[in-house]
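Student: when you get a sec, could you give me coordinates for this:
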Amino acid sequence: MTPRDRVNAAVRRQPVDRVPCEMGFTPEIAELVQQKLGNGVNPATHFGWETRGVGFRGPEKPADFSRYFVGEEGVSYGGDYGHGTRSANFHHFWGFVPPLRNVTSLREVEEFPWPDFTPASRHQHLEADVARLHADGWHVSGFAGHIWETGWEMVGLEKTLDLLITDPDIPRYILNRICENNCFCARRLAEAGVDMLRTGDDVGMQDRLLMSPAMWRRELKPLLAREIAAAREVVPDLPVWYHSDGDVSLILDDLLECGVTVLNPVQPECLDLAWLASEYGARFAFWGVIGTQTTMPFGSPADVKAAVKRAVELFAPGLVLAPTHVLEPEVPWENIVAFHEAIDEFGVFG
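Tutor: Presented below is the predicted three-dimensional model:
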């Protein structure tokens, strides 16, 4: 099977010759891996990861968000939605400084310099990029964008949750504007020929949802459904990958109703893998599964291999193996090697 064939089969829970995989790194781990592999060696090529991605380009003329950060020291800001950040003085982490943190009225939100994704300069390259990657045999996906995360990063998490109760018109306007943009992006990615649409928002904490299931169903579920429907107007059977860290067990049926077919990252510290396989193994494909809070940083190579073996036994062929987040600085090189060796040992079927 080509890499594209392999991932396309896995996300449809069809037989594969071997379980596909991918992995992401924090800067410290990326440096470690480069030292081990040698300068100029691409980890994706070296380890045989099958997936590649395409996306929108930035605007030709970035918006001016400076008025939202007057008096703030050490803040960098930009992107499509003017998100501000400052160093958290801990590895690669940063602290958010939301541009609309002081918002008090809907009018202020309406006057925000909202991004425009429709100019051809932002997306006319997509078809060519997809075709080039397909010609090389890769599976290609595109990310339509966050809705909830982008929204609360504009206002602040606590304030957004508060406003959903005390003044819901403000966060609803924000979330709907973001959803409209994402719908355009999702549709264009489908038109460009991606093999899978990526969506998602972190709505799970370690042992529960970030909000009540009722609030999620009222405020976020319709937006996710709209985003997926926009892509499926172009490609009715397009696989849809949804990312949320944490425990999202209470909304799994809702995700299926929205059209999600691939669940990511499936944190074993937050979700019972055996229960997931039993209850949802015939309805989702699973992407991730190998814990980055436990096994990858603190387990032995044998522990990593045991986790891969169990994941294959529970979920294959509907499985793309990956750590459940980018690998943090505590992860030893030996565990990275063990992850890939385990696929050769336990994840090959033909």
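Student: so who does the closest residue to Cys183 other than its chain neighbours touch?
Tutor: Counting by CB to CB, 6 or more residues apart in numbering, Ala230 is the residue found nearest to Cys183 once chain neighbours are left out, at 3.9 Å. Placement of C-beta: from N, CA and C, glycine included. When contacts are counted by CB atoms under 8 Å, 6 or more residues apart in numbering, Ala230 touches 182-184, 186-187, 190.
Student: farthest-apart pair in those residues, please.
Tutor: Greatest spatial distance in the contacts of Ala230: Asn182 and Ala190, 12.4 Å, computed using CB to CB.
Student: who's in contact with the helix or strand of the chain with the lowest mean pLDDT?
Tutor: None of the helices or strands of the chain scores lower by mean pLDDT, DSSP states H and E than strand 94-97, at a mean of 91. Strand 94-97 is contacted from outside by 69, 72, 75, 77, 83-88, 153, 156, using CB under 8 Å, 6+ apart.
Student: next helix or strand past that strand?
Tutor: Moving toward the C-terminus from strand 94-97, the first helix or strand encountered (DSSP states H and E) is helix 106-110.
Student: got a list of contacts for that next one?
Tutor: With contact meaning CB under 8 Å, 6+ apart, helix 106-110 is reached by 100, 103, 169-170, 173-174.
Student: identify each buried residue in the biggest helix by length in the chain, please.
Tutor: Across the chain, the longest stretch assigned as helix under DSSP state H is helix 169-192. Judged by neighbour count (16 or more other CB atoms under 10 Å), helix 169-192 contains these buried residues: 170-172, 174-175, 177-192.
Student: picking that back up, from the contacts of strand 94-97, which ones fall inside strands?
Tutor: Using DSSP state E, 77, 83-87 are the members of those that sit in strands.
Student: can you pull the contacts of Met296?
Tutor: Counting by CB under 8 Å, 6+ apart, Met296 makes contact with 290, 304, 323, 327, 331, 335, 339.
Student: ok, so of those, who is nearest Arg283?
Tutor: Taking CB to CB as the measure, Ile290 is the one of the contacts of Met296 closest to Arg283, at 21.4 Å.
Student: and the closest one, how far from Asp254?
Tutor: For Ile290, the distance to Asp254 equals 26 Å [CB to CB, to the nearest Å].
Student: mind checking which of the two has more residues around it?
Tutor: With neighbours defined as other CB atoms under 10 Å, Ile290 and Asp254 compare such that Ile290 has more, 26 against 17.
Student: against Lys221, how distant is the residue lying farthest from the centre of the chain?
Tutor: The C-alpha centroid of the chain is most remote from Gly71, which lies 33.2 Å away (CA atoms, centre = their mean). Gly71 sits at a distance of 38 Å from Lys221 (criterion: CB to CB).
Student: Met215 now?
Tutor: Here the criterion is CB to CB. By it, Met215 lies 10 Å from Lys221.
Student: okay, and the common contacts of those two?
Tutor: With CB under 8 Å, 6+ apart, Met215 and Lys221 have no common neighbours.
Student: measure Val33 to Val289 for me?
Tutor: Using CB to CB, one obtains 21 Å as the distance from Val33 to Val289.
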